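A.B. asks: From the sequence below, what's the structure:
(one chain, ligands or ions: 1)
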Amino acid sequence: MPQKFQNFINGKWVDAKSGKTFENRNPANWDEVIGIFPKSGKEDVDEAVKAARFAFEKWRLVPAPKRGDIMRAIGDIMVARKEELAREMTREMGKVLAETRGDVQEGIDTAYYASSEGRRLFGRTVPSELPNKFAMAIRVPIGVGGIITPWNFPMAIPTWKIFPAVLSGNTVVFKPATDTPKTATTLVEIMMEAGIPEGVVNIVHGGGNEVGNAITSHPDIDLISFTGSTAVGKQISRDASDTLKRVSLELGGKNAQIVMDDADLDLALDGVLWGAFGTTGQRCTATSRLILHEKIYDKFMSTLVDRTKKLRLGDGLLPATEVGPCVNESQRKTVQSYVEIGQKEGARLVAGGSIARGNGLSKGWFHEPTIFADVTPEMRVAKEEIFGPVLSVIRTKSLEESIAVLNNTVYGLSSSVYTRDVNKAFVAIRDIKAGITYINVPTIGAEAHLPFGGVKQTGNGHREGGWTVYDFFTEWKAVYVDYSGKLQRAQIDNY
Ligand code: UN1
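C.D. replies: Predicted coordinates for the structure are as follows:
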């Protein structure tokens, strides 16, 4: 019998009020049920928000360094359980073990960063324009946060949001993706074990239409942090506008790697293979376009195609596997539909293009790593996010043209340039429109202590990661203390 899981509301494990459930299966072997989870609705969200609102009044008064101590304890538990967590995550969403270990590591890094931020949360003191008057700005927590997360980084992304939210003194209602409810549940268990008080973190499982919508339109939720598709992000933005919630959106990408003719081609090749087919292309930072200088185009393509065809697909728990399955059937269908679109548009299919069959692959959502050559910037496969193992290759003549092609998208998350010419590198850093630019590094692999996020339709201007995420989860309060003992009128008595 598959294990049954519950929501966690106000410190108690509970079923959905409706009693409904949904199943979660292993994408590498759909016969294997990971667990049965509550299919919650608005009434469950209401309970969770009530608990979070109540808990907030106490939690906001706990000194931030003390909250940081709990974060450190969370990190310590994650370190001790890293291998077990990674295995559970690979079973649940399919990416290879080395990558789920990395995903846990990002969570650990985020926990320790949050722990140390408990002793910073810096405000500012500034001089007042009047004598005997003190002026400062301090950070204060905001209230209840709605946390809505995707399946592709089932540990790291929830931690990016929940740890800084909670460290800052907020409480949260957490809705994880329905493809990765188990990892999310384990994360909540770890937080409780480390000493997070009841009501501070609540988890409500279920779909976007029921649980997600109830969160984004809830009058008693103050902020929303969401990672997912641009279409859903726009809808959240609209829903949240009625109650003027603060909203942080991390959305789609159509990231490109440029390879100049002066680049170290072996390095660039390793980079694009990892960026395009690591995580089966299912990262918002994945390399979806390769922009190749014409002088090296043919040579680079022939090795790229060879190496791509040799990539070993399989269950991510097996040590030889390099590329895991797509997360579910609908994701694989999207990939298949783009393979058709690319061919109809006249792109040349040079690797992959089909559902992967063969030993050990028949019961999973596997798709071959796929490359389209001779793609032009106007094709849909050059512009739209696919979120799967598909790479579109575009030929260019110069750095300027390469940057123009790279910028020719509504998205602006990650970008990469391979060159040995420092002048070219700095022109690229200046002119590329993206939240992240890598030089001689693939488009994936952001570190947890730097700002993470994108420009244009990749987001709405906020950043996760590092110190920047604390700007989202705190409000600035300006404080003036007049110790002159008399009424001093600013802008009037002093001028
Ligand atoms: C994502 O795909 O949503 O930079 C996050 C990276 C990872 C995070 C990806 N550290 O590729």
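
A.B. asks: Just give the number of residues close to R53.
C.D. replies: Neighbour count for R53, taken as other Cβ atoms under 10 Å: 17. Quick note: C-beta positions are derived from backbone N, CA and C, even for glycine.

A.B. asks: and it, what is it in contact with?
C.D. replies: By Cβ atoms under 8 Å, 6 or more residues apart in numbering, the contact set of R53 is 143-144, 171, 220.

A.B. asks: Find the pair from those residues with maximum spatial separation.
C.D. replies: T171 and D220 (11.2 Å; Cβ to Cβ).

A.B. asks: Of those two, which one has the most company?
C.D. replies: Between T171 and D220, T171 has the larger neighbour count (other Cβ under 10 Å), namely 28 against 13.

A.B. asks: ok, now how distant is the more buried one from G68?
C.D. replies: Separation of T171 from G68 (Cβ to Cβ, to the nearest Å): 16 Å.

A.B. asks: One more: V339?
C.D. replies: 48 Å.

A.B. asks: show me where the stretch 351-495 of the chain has strands.
C.D. replies: 370-373, 390-396, 414-418, 436-439, 474-482 (DSSP state E, counting those that start in this stretch).

A.B. asks: Could you export those strands as TSV, including mean neighbour count?
C.D. replies: Shown next, in TSV, are the strands of the stretch 351-495 of the chain (neighbours: other Cβ atoms under 10 Å):
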stretch	mean neighbour count
strand 370-373	26
strand 390-396	25
strand 414-418	29
strand 436-439	20
strand 474-482	13
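
A.B. asks: Figure out which of the ones you listed is closest to K424.
C.D. replies: Once the strands of the stretch 351-495 of the chain are compared by Cβ to Cβ, strand 414-418 is nearest, at 7.4 Å.

A.B. asks: What helices and strands are in contact with that closest one?
C.D. replies: strand 255-259, helix 265-277, helix 422-431, strand 436-439 (3 or more Cβ pairs under 8 Å, 6 or more residues apart in numbering; DSSP states H and E).

A.B. asks: Report all helices and strands that the first one contacts.
C.D. replies: Under the contact criterion of 3+ Cβ pairs under 8 Å, 6+ apart, the helices and strands touching strand 255-259 comprise helix 265-277, strand 287-293, helix 399-407, strand 414-418.

A.B. asks: Tabulate the ones you listed in a markdown table, adding columns for distance to V393 and mean pLDDT.
C.D. replies: Formatted as a markdown table, these follow (distance: least, Cβ to Cβ, whole Å; pLDDT from 0 to 100):
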| stretch | distance to V393 | mean pLDDT |
| --- | --- | --- |
| helix 265-277 | 9 | 98 |
| strand 287-293 | 5 | 98 |
| helix 399-407 | 11 | 98 |
| strand 414-418 | 14 | 99 |
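
A.B. asks: what domains does the record give for this protein?
C.D. replies: Segmentation of the chain into domains, based on automatic domain parsing, reads 7-251+459-478, 255-439.

A.B. asks: mind showing which ranges of the protein have poor pLDDT?
C.D. replies: Counting by pLDDT under 70, the chain shows no low-confidence range.

A.B. asks: In contact with the closest residue to Q257 other than its chain neighbours, which residues?
C.D. replies: Of all residues not flanking Q257 in the chain, S416 sits nearest, at 4.2 Å (Cβ to Cβ, 6 or more residues apart in numbering). Contacts here follow Cβ under 8 Å, 6+ apart; on that basis S416 touches 255-258, 271, 275, 287, 437-439, 441-443.

A.B. asks: V441 too?
C.D. replies: Per Cβ under 8 Å, 6+ apart, neighbours of V441: 271, 416.

A.B. asks: how close does it get to G353?
C.D. replies: 28 Å.

A.B. asks: returning to what we had before: D493: which of the helices and strands packed on strand 414-418 is closest?
C.D. replies: helix 422-431 (47.2 Å).

A.B. asks: counting contacts, what elements does that closest one pack onto?
C.D. replies: Helix 422-431 packs on helix 399-407, strand 414-418, strand 436-439, going by 3+ Cβ pairs under 8 Å, 6+ apart.

A.B. asks: Kindly reformat these as JSON lines containing distance to C326.
C.D. replies: Formatted as JSON lines, the helices and strands packed on helix 422-431 follow (distance: least, Cβ to Cβ, whole Å):
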{"stretch": "helix 399-407", "distance to C326": "26"}
{"stretch": "strand 414-418", "distance to C326": "21"}
{"stretch": "strand 436-439", "distance to C326": "24"}
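
A.B. asks: With distance to the ligand as added columns, please give the strands of the stretch 351-495 of the chain in JSON lines.
C.D. replies: Output for those, formatted as JSON lines (distance: least, Cβ to the nearest ligand atom, whole Å):
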{"stretch": "strand 370-373", "distance to the ligand": "19"}
{"stretch": "strand 390-396", "distance to the ligand": "16"}
{"stretch": "strand 414-418", "distance to the ligand": "7"}
{"stretch": "strand 436-439", "distance to the ligand": "8"}
{"stretch": "strand 474-482", "distance to the ligand": "23"}
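
A.B. asks: and N132, how many residues sit next to it?
C.D. replies: Neighbours of N132 using other Cβ under 10 Å come to 12.

A.B. asks: quick one: the closest residue to the ligand within the stretch 1-150 of the chain and M89, what's the gap?
C.D. replies: Taking Cβ to the nearest ligand atom as the measure, the stretch 1-150 of the chain has E106 as its residue closest to the ligand, at 5.8 Å. Between E106 and M89 the computed distance is 12 Å (Cβ to Cβ).

A.B. asks: Quickly list what's touching both of these two.
C.D. replies: Joint contacts of E106 and M89 (Cβ under 8 Å, 6+ apart) are M155.

A.B. asks: and those two? which has more neighbours close in?
C.D. replies: Remark: of E106 and M89, M89 carries more neighbours, 26 against 19, as counted by other Cβ under 10 Å.

A.B. asks: Shouldn't the more buried one be within a helix?
C.D. replies: Yes. Assessed by DSSP: H, G, I helix; E, B strand; the rest coil, M89 belongs to a helix.

A.B. asks: hang on, isn't it packed against F153?
C.D. replies: No. Using Cβ atoms under 8 Å, M89 is not in contact with F153; the gap is 9.3 Å.

A.B. asks: Need the overlap of contacts for the two.
C.D. replies: With Cβ under 8 Å, 6+ apart as the test, M89 and F153 both reach D103.

A.B. asks: Can you tell me which helices and strands the longest helix anywhere in the chain packs against?
C.D. replies: Of all the segments of type helix in the chain, defined by DSSP state H, the longest one is helix 97-117. In terms of contacts (3+ Cβ pairs under 8 Å, 6+ apart), helix 97-117 is packed against helix 64-80, helix 82-93, helix 156-167.
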